[in-house]
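[1] predicted coordinates and the sequence they were generated for:
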Amino acid sequence: MGTQTRPPAASTDLSNARMALKRRSRGARPRDIGCGEGRVARDLKALGHNVVAVDVSPTMVDFAKAADPSMKVLVADAARLPFDDGAADLAIAFMSLQDVDDMPGAIHEAGRIVERGGAFCLSIVHPINSAGRFESLDAAARFVIDNSYLEAHRYRDVIERDGLRMTFSSRHWPLETYFRSLQSSGFAVEALTEPTENPESVAQRPARARWRRLPLFLDLRARKR
Ligand SMILES: C[S@@+](CC[C@H](N)C(=O)[O-])C[C@H]1O[C@@H](n2cnc3c(N)ncnc32)[C@H](O)[C@@H]1O
């Protein structure tokens, strides 16, 4: 139901992952879940880490492999990861968990593959964003929730950029469902931020001013107990 919720393709805020890896400048074992064309995995690899990336879409995996043939990229469902228990010291799911069919199953799998003391960093479309929509593009537009924030539901976003029309098929889950899934998978949340447009980005794109009033995204870092 959201309109124009997705980030510019170039934005990659890896601060949570960097924080999770701060004790190791190289040689960590991150797993990128829902890697798309692999931008985040490439950034982690450039830092010297032994990243393995997965995506359910063979097309996206082909793009990721083409961008870096030396990177290990596998076709796999986030809810059935091809990794051993405790194989990773970091799982990262950047803008992917709202797109997987079985989000609780995907978080459970992250809990299985991340070793004790390891971290899970995720970035999602903020649940308040996916629950409703602005009535117009005005800076003062009312934000309305037609259905329910509390009930999970599917939604679609159609985004046009650089002459390309893209349809994102996603699921709204309330924040509590994410939190409970993390908790029951052995994770304790240690950092949470609600990124949105800032004055500089609105100065460049004034039509985005309404997003100064609500968070676009939710970034979270959890630690495996
Ligand atoms: C919005 S894209 C984000 C891609 C990448 N993480 C990035 O930030 O550029 C979401 C990705 O999640 C993948 N995805 C959706 N369902 C999935 C699933 N069940 N298991 C693994 N990946 C999935 C999609 O194919 C898509 O590449």
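    Received it, and whenever you're ready, just let me know what you need.
[2] from here on, contacts and neighbour counts on C-alpha atoms
    Fine.
[3] so who does the residue nearest the centre of the chain touch?
    For the chain, the residue sitting closest to the mean C-alpha position, by CA atoms, centre = their mean, is residue 95 at 2.3 Å. Taking CA atoms under 8 Å, 6 or more residues apart in numbering as the criterion, residue 95 is in contact with 122, 123, 124, 125.
[4] list the residues that contact the nearest residue to the last one once chain neighbours are set aside.
    Pointing back at residue 125 there. Closest residue in space to residue 125, ignoring its immediate chain neighbours: residue 217 at 4.6 Å, by CA to CA, 6 or more residues apart in numbering. Counting by CA under 8 Å, 6+ apart, residue 217 touches 123, 124, 125, 126, 129, 194, 195, 196.
[5] roughly how far apart are the residue nearest to the centre of the chain and the ligand?
    Per CA to the nearest ligand atom, to the nearest Å, residue 95 is found 5 Å from the ligand.
[6] and if you look at residue 137?
    23 Å.
[7] CA atoms only: put the lengthiest strand in the chain into PDB for me.
    The residue-count maximum for a strand in the chain (DSSP state E) belongs to strand 114-125. Presented in PDB, the C-alpha positions along strand 114-125 are these (Å, rounded to 0.1, in the frame of the first residue of the first chain):
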ATOM      1  CA  VAL A 114      24.700 -17.700  13.300                       C
ATOM      2  CA  GLU A 115      27.000 -18.800  16.000                       C
ATOM      3  CA  ARG A 116      26.600 -17.800  19.700                       C
ATOM      4  CA  GLY A 117      27.800 -14.200  20.100                       C
ATOM      5  CA  GLY A 118      27.400 -13.500  16.300                       C
ATOM      6  CA  ALA A 119      25.100 -10.900  14.900                       C
ATOM      7  CA  PHE A 120      22.100 -10.500  12.600                       C
ATOM      8  CA  CYS A 121      21.800  -7.100  10.900                       C
ATOM      9  CA  LEU A 122      18.600  -6.400   9.000                       C
ATOM     10  CA  SER A 123      17.100  -3.500   7.200                       C
ATOM     11  CA  ILE A 124      13.400  -3.500   6.200                       C
ATOM     12  CA  VAL A 125      10.600  -1.300   4.900                       C
END
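[8] do the helix or strand following that strand and the ligand meet at all?
    Per DSSP states H and E, the first helix or strand lying C-terminal to strand 114-125 is helix 127-131. No: using CA under 6 Å from any ligand atom, helix 127-131 stays clear of the ligand, with a minimum separation of 13.7 Å.
[9] packing partners of helix 127-131?
    Applying 3 or more CA pairs under 8 Å, 6 or more residues apart in numbering; DSSP states H and E, one finds that helix 127-131 contacts strand 164-172.
[10] show me the shaky parts of the chain.
    Along the chain, the model assigns pLDDT under 70 to residues 1-25.
[11] flag every residue of it that's near the ligand.
    34-36, 39, 55-57, 60, 76-78, 94-96, 99-101.
[12] which of these fall in helices?
    Per DSSP state H, helices hold the following members of these: 39, 60.
[13] count the residues that sit near residue 41.
    Counted by other CA atoms under 10 Å, the residues lying close to residue 41 total 29.
[14] now the one 5 residues further on
    Neighbour count of residue 46, defined by other CA under 10 Å: 12.
[15] could you do residue 68 as well?
    17.
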